[in-house]
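Colleague: Okay, sequence plus prediction incoming.
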Amino acid sequence: MSDGYYSSKKTDDICQEVCAQHATRAALAMSRLRCILRGYDVRTCIVMFLILPLALFGIYLHGQKVTYFLRPLWDSPPKPFCEIPHFYHENVSMETLCNLHGWKIRESPRRVFDAVLFSNEVDILTIRWNELYPYVTEFVLLESNSTFSGLPKPLIFASNRHQFKFIEPRLTYGMVGGRFKKGENPFVEEAYQRVALDQLLRIAGIEDDDLLIMSDVDEIPSAHTINLLRWCDDIPPVLHLQLRNFLYSFEYHIDNKSWRASVHVYTSGKTRYAHFRQADILLSDAGWHCSFCFRYISEFIFKMRAYSHNDRIRFSHFLNPKRIQDVICEGADLFDMLPEEYTFKEIIGKMGPIPRSYSAVYLPQYLLNNAEKYKYLLPGNCKRGSG
């Protein structure tokens, strides 16, 4: 106090000392930081400078996992399908099988058209077409010089067409040019190609009451399922197929929840080629869905970049060939994602690697007849070539 003047304002000795002395810039900066932090306790500093940054980094790394884990809170499951029991035995007559399903037998079978969009699944296409060959009237295939994600793509089927001479007399092949619109949602390009497939079906000569199989190449209906549907009358006009769901090979059986494949009794002006839910009726145990079932690591990388969900490549190391090989043999997820389910029970139940299956019972006939050639698809053979 001087000259009788009194102030009750508190002073900060540290700050006062810094301001009063001539110091280097570094010393001043450190002292000012001490001034700022003087009002905070140690716990607050730990939260601000350690826990909070770690939490933000964790969200950056695993935010997608958090979103998928909390899915039951923000999303509702779709309406359940009305599932039809599926009856089959090779020694039971077709008339009996139709009757067991509540249908009647026809005097002659329907014509069957199998239509697919092709990307790069040469081996799986071979297995599919050999499985369906006895009962399909016309095979319809469309490929593009563009992936769904807008990347340039070679015409892989065209360059491997010589491998499919056995179906050449029954093949309608088409090529559609990609639009290559940068930044566009991949599902737009996918829809564009499916519309082009509608046009190709008309060129192939499809008519009313023909049977049309709508499914991706890796969604393979069993031969006896298609034979049943072509011989039976009064079947639903649109019927989804429940397929056994596999990943990487027939060693990793995920579940039996694949449903996007469908069979349609064709109606001009009404039937449109699509890959979403179009009816509420599901035929049980009608084939196989083998996703990412490739011979070479390079094919895995191509599909990860090419298909409509390429936004799941959150980090560049996801495309590392060694990592991909390790993931395949572990039965883990290529994109490090949690299961896409609607209840916490199902999510937790499916977390972690897919258990190995050692059963090769009820698999496509052509696959088992050529087991050595396609051994990478069978139990006990997770190693892949580089390609």
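Modeller: That came through fine. Residues are numbered from 1 along each chain as shown.
Colleague: which ones are touching Ser222?
Modeller: Glu131, Ala286, Gly287, Trp288, Pro364 (C-beta atoms under 8 Å, 6 or more residues apart in numbering). Yep, even glycine has a C-beta here, placed from its N, CA and C like the rest.
Colleague: which of those residues tops the neighbour count?
Modeller: Most neighbours among the contacts of Ser222, by other C-beta atoms under 10 Å: Ala286, with 28 neighbours.
Colleague: partner residues bridging the residue nearest to that residue when sequence neighbours are not counted?
Modeller: Among residues not flanking Ala286 along the chain, Leu241 sits closest, at 3.9 Å (C-beta to C-beta, 6 or more residues apart in numbering). When bridges are called by DSSP bridges, Leu241 pairs up with Leu283.
Colleague: So what's the residue count around Leu241?
Modeller: For Leu241, the count of nearby residues is 28 (other C-beta under 10 Å).
Colleague: got the contact list for it?
Modeller: Ser215, Glu219, Pro221, Thr225, Trp259, Ala261, Ser262, Val263, Leu282, Leu283, Ala286, Gly287.
Colleague: In the stretch 101-250 of the chain, what residue spans correspond to strands?
Modeller: 104-105, 112-118, 138-144, 171-176, 211-214, 219-221, 232-233, 238-241, 243-247 (DSSP state E, counting those that start in this stretch).
Colleague: possible to save these as JSON lines with mean pLDDT and distance to Lys375?
Modeller: JSON lines is the format used below for these (pLDDT from 0 to 100; distance: least, C-beta to C-beta, whole Å):
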{"stretch": "strand 104-105", "mean pLDDT": "98", "distance to Lys375": "40"}
{"stretch": "strand 112-118", "mean pLDDT": "97", "distance to Lys375": "24"}
{"stretch": "strand 138-144", "mean pLDDT": "97", "distance to Lys375": "26"}
{"stretch": "strand 171-176", "mean pLDDT": "97", "distance to Lys375": "28"}
{"stretch": "strand 211-214", "mean pLDDT": "98", "distance to Lys375": "28"}
{"stretch": "strand 219-221", "mean pLDDT": "98", "distance to Lys375": "18"}
{"stretch": "strand 232-233", "mean pLDDT": "98", "distance to Lys375": "36"}
{"stretch": "strand 238-241", "mean pLDDT": "98", "distance to Lys375": "27"}
{"stretch": "strand 243-247", "mean pLDDT": "98", "distance to Lys375": "15"}
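Colleague: Comparing those, which stretch has the densest surroundings?
Modeller: Among those, strand 219-221 has the highest mean neighbour count (mean count of other C-beta atoms under 10 Å), at a mean of 26.
Colleague: Now do that one: which elements does it pack against?
Modeller: Contact here means 3 or more C-beta pairs under 8 Å, 6 or more residues apart in numbering; DSSP states H and E; on that basis strand 219-221 packs against helix 122-132, strand 243-247, strand 287-291.
Colleague: tell me which of the contacts of Leu241 is nearest to Phe302?
Modeller: Glu219 (19.1 Å; C-beta to C-beta).
Colleague: Where does pLDDT dip in the stretch 1-150 of the chain?
Modeller: 1-23, 26-27, 29-30, 32-65 (pLDDT under 70).
Colleague: where do the helices sit along the stretch 1-150 of the chain?
Modeller: Secondary structure of the stretch 1-150 of the chain (DSSP state H, counting those that start in this stretch): helices located at 13-20, 25-37, 42-46, 52-69, 71-74, 94-100, 122-132.
Colleague: Convert the C-alpha atoms of stretch 123-139 to CSV, please.
Modeller: Taking Å, rounded to 0.1, in the frame of the first residue of the first chain, the C-alpha atoms of stretch 123-139 are listed here in CSV:
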residue,chain,number,x,y,z
ASP,A,123,-14.5,-69.3,-61.0
ILE,A,124,-17.8,-68.8,-59.2
LEU,A,125,-19.5,-68.1,-62.5
THR,A,126,-18.2,-71.4,-63.8
ILE,A,127,-19.6,-73.2,-60.7
ARG,A,128,-22.9,-71.4,-61.0
TRP,A,129,-23.5,-72.1,-64.7
ASN,A,130,-22.6,-75.8,-64.3
GLU,A,131,-25.0,-76.1,-61.4
LEU,A,132,-27.9,-74.6,-63.3
TYR,A,133,-27.0,-75.8,-66.8
PRO,A,134,-29.5,-78.7,-67.0
TYR,A,135,-32.5,-76.4,-66.3
VAL,A,136,-31.7,-73.0,-67.8
THR,A,137,-33.0,-72.1,-71.2
GLU,A,138,-30.9,-68.9,-71.7
PHE,A,139,-27.9,-67.5,-69.8
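Colleague: what separates Leu155 from Phe118, distance-wise?
Modeller: Distance, Leu155 to Phe118, using C-beta to C-beta, to the nearest Å: 9 Å.
Colleague: before we move on, what about Glu346?
Modeller: For Glu346, the distance to Phe118 - C-beta to C-beta - is 33 Å.
Colleague: returning to what we had before: which neighbours do Leu155 and Phe118 have in common?
Modeller: With C-beta under 8 Å, 6+ apart, Leu155 and Phe118 have common neighbours Glu143.
Colleague: picking up where we left off before, the strands of the stretch 101-250 of the chain: which one's closest to His275?
Modeller: strand 211-214 (7.0 Å).
Colleague: Need the CA coordinates for that closest one. CSV is fine.
Modeller: Output of strand 211-214 as CSV, limited to C-alpha atoms (Å, rounded to 0.1, in the frame of the first residue of the first chain):
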residue,chain,number,x,y,z
LEU,A,211,-38.9,-68.0,-65.0
LEU,A,212,-36.3,-65.3,-64.3
ILE,A,213,-33.5,-65.7,-61.8
MET,A,214,-32.4,-62.4,-60.3
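Colleague: Please name every helix or strand in contact with it.
Modeller: strand 112-118, helix 223-231, strand 262-265.
Colleague: mind putting the ones you listed in a markdown table, distance to Asn245 included?
Modeller: Output for these, formatted as a markdown table (distance: least, C-beta to C-beta, whole Å):
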| stretch | distance to Asn245 |
| --- | --- |
| strand 112-118 | 18 |
| helix 223-231 | 16 |
| strand 262-265 | 16 |
